[in-house]
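> how would this look folded up:
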Amino acid sequence: MDSSIFCRIDDKYVPLYRVLWIAATPHFCGEPDCHCEGLHEVALEGGESVWAKFDEKEKLLQQIEEWQGGEEY
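A predicted model of the protein is given here:
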């Protein structure tokens, strides 16, 4: 079990307790200048968001489940 309370998303170490929700599907808006296409939004408290690659999203989900006692839903 990873005992850290931080998860690395892109170049940021995010405390797990700040995560409010994680998008199940990747972002797609079709805007030509969008830098988040294909990434999963991770909403944080305080109205902030970070954008995670698929493997970062999966690792974050695993870390939150372990941090909360490993219960499967």
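> residue contacts, the spatially most central residue of the chain?
Compute the mean C-alpha point of the chain, and by CA atoms, centre = their mean the closest residue is residue 42, 4.1 Å away. Counting by CB atoms under 8 Å, 6 or more residues apart in numbering, residue 42 makes contact with 9, 14, 19, 21-23, 49-52, 57, 60. Using the backbone N, CA and C atoms, a C-beta is placed for each residue, glycine as well.
> Can you select the buried ones from those residues in PyMOL?
Applied in PyMOL, the following selects the buried portion of the contacts of residue 42 according to 16 or more other CB atoms under 10 Å:
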select buried, resi 9+14+19+22+50+51+52+57+60
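> wait, which of the contacts of residue 42 is closest to residue 31?
Ranked by distance to residue 31 (CB to CB), the contacts of residue 42 are led by residue 51 at 14.3 Å.
> in this protein, which ranges drop under the pLDDT threshold?
Low-confidence segments of the chain (pLDDT under 70): 1-3, 70-73.
> what about the strands in it?
6-9, 12-15, 19-22, 40-44, 48-52 (DSSP state E).
> Columns distance to residue 66 on top of the ones you listed, output as a markdown table?
Shown next, in a markdown table, are the strands of the chain (distance: least, CB to CB, whole Å):
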| stretch | distance to residue 66 |
| --- | --- |
| strand 6-9 | 11 |
| strand 12-15 | 15 |
| strand 19-22 | 13 |
| strand 40-44 | 17 |
| strand 48-52 | 17 |
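> do you know which of these lies nearest residue 68?
Per CB to CB, nearest to residue 68 of these: strand 19-22, 11.1 Å.
> From residue 50, how far off is the residue nearest to the centre of the chain?
Distance of residue 42 to residue 50, computed by CB to CB, to the nearest Å: 5 Å.
> now do residue 21
12 Å.
> circling back: for the contacts of residue 42, which one is nearest residue 38?
Nearest to residue 38 among the contacts of residue 42, with distances taken as CB to CB, is residue 51, at 9.3 Å.
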